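In: The sequence and its predicted three-dimensional model are supplied below.
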Amino acid sequence: MGSDIVSGTLPAGERFTLNDICQRFDISRTVAREAMRALEQLGMVASSRRVGITVLPISEWAVYDSSIISWRLNSEKSRDGQRSSLNELRLAIEPIAASLAAQHGSPADKEEILELAQRLHSFEDTPARRVGEQLATDLRFHTMVLHASGNEMFAALSPFLLSMVRGRSVFGSRKRNPTAGTARLHLDLAHAIHSGNASEAEKIARAILTEARAKET
């Protein structure tokens, strides 16, 4: 049901009943009711005794919820819009987080960021031995930058912001390179953070995201 809503198969304003759901999926009313409660908590539907269940517009959705992000990335109709929104959000937050990480990151955090960047750069010449290792390293790198910023709200956003990185790996180019050819820039960013160069860190972080977005279009 969530996938149908994000793809527009069930457009905003569409109405249906619990019986409709029971018949469509061959499930009990109890299961159908629980499913609708879950979608209500996500702001995707609203229920009323008089009109049944109504699909709500995207302005009402809990757009940071991982389920909604996943559904949108998995739908061909909503994927481009979701990736664009995530990229714009990353552009607004990650460069500032990189600047703050250079200023306030602990020595241990900065050292880990540098080690992760070096590992990413090494994958350019020597591919990772384990499936998903490069993606996991890239995700950890960006998570650590957000964490090292010292802004707890930036750090809390990391699972949602980095959904785009996972999405690029699954739905991107055939090579599915999570760093999108920006491994050198990742290393430059790590050095800027490690040396405490806030302005350079912000500039490089913005360049990474700009370059990655250009490769997707």
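Out: Yes, it's here.
In: Could you point out the longest helix of this structure?
Out: For the chain, the helix that runs over the most residues, judged by DSSP state H, is helix 76-104.
In: Next up, the contacts around the nearest residue to Phe16 once chain neighbours are set aside.
Out: Closest residue in space to Phe16, ignoring its immediate chain neighbours: Ile53 at 5.5 Å, by Cβ to Cβ, 6 or more residues apart in numbering. Backbone N, C-alpha and C define where each C-beta goes, glycine included. By Cβ atoms under 8 Å, 6 or more residues apart in numbering, the contact set of Ile53 is 15-18, 36, 45-47.
In: per-residue confidence for the residue nearest the centre of the chain?
Out: Centroid-nearest residue in the chain, with Cα atoms, centre = their mean: Ser163, separated by 2.1 Å. Here the pLDDT value assigned to Ser163 is 76.
In: do you know how far the closest residue to it other than its chain neighbours is from Val45?
Out: What sits nearest to Ser163 in space, not counting adjacent residues and going by Cβ to Cβ, 6+ apart, is Ile69, at 4.6 Å. Distance, Ile69 to Val45, by Cβ to Cβ, to the nearest Å: 18 Å.
In: Looking at these two, which is more packed in?
Out: Counted by other Cβ atoms under 10 Å, Ile69 and Val45 do not tie: Val45 has more neighbours, with 26 against 22.
In: For the residue lying farthest from the centre of the chain, give me its contacts.
Out: The centre of the chain is farthest from one residue, Arg50, which by Cα atoms, centre = their mean lies 37.6 Å away. Not one residue lies near Arg50 by Cβ under 8 Å, 6+ apart.
In: repeat for His147
Out: 109, 155, 158.
In: Show me the shaky parts of the chain.
Out: 164-180, 215-217 (pLDDT under 70).
In: In it, mark out all the strands, start to finish.
Out: With DSSP state E as the criterion, the chain has strands at 15-16, 45-48, 52-55.
In: hmm, who's touching the shortest one?
Out: If you take Cβ under 8 Å, 6+ apart as the criterion, strand 15-16 is touched by 10, 51-55.
In: Now do that strand: distance to the chain's middle.
Out: Remark: strand 15-16 is offset 30 Å from the chain centroid, using Cα atoms, centre = their mean, to the nearest Å.
In: Tell me the strands beside that strand, with direction?
Out: strand 52-55 (antiparallel) (DSSP bridges).
In: so how far is the partner strand from its chain's centroid?
Out: 28 Å.
In: same thing with stretch 187-203?
Out: Distance, centroid of stretch 187-203 to centroid of chain: 23 Å (Cα atoms, centre = their mean).
In: Buried residues in that stretch, which are they?
Out: Going by neighbour count (16 or more other Cβ atoms under 10 Å), the buried part of stretch 187-203 is 187-194, 197-198, 200-203.
In: neighbouring contacts of that stretch?
Out: 95-96, 98-103, 105, 110-111, 113-114, 116-118, 120-121, 141, 145, 148, 204-205, 208.
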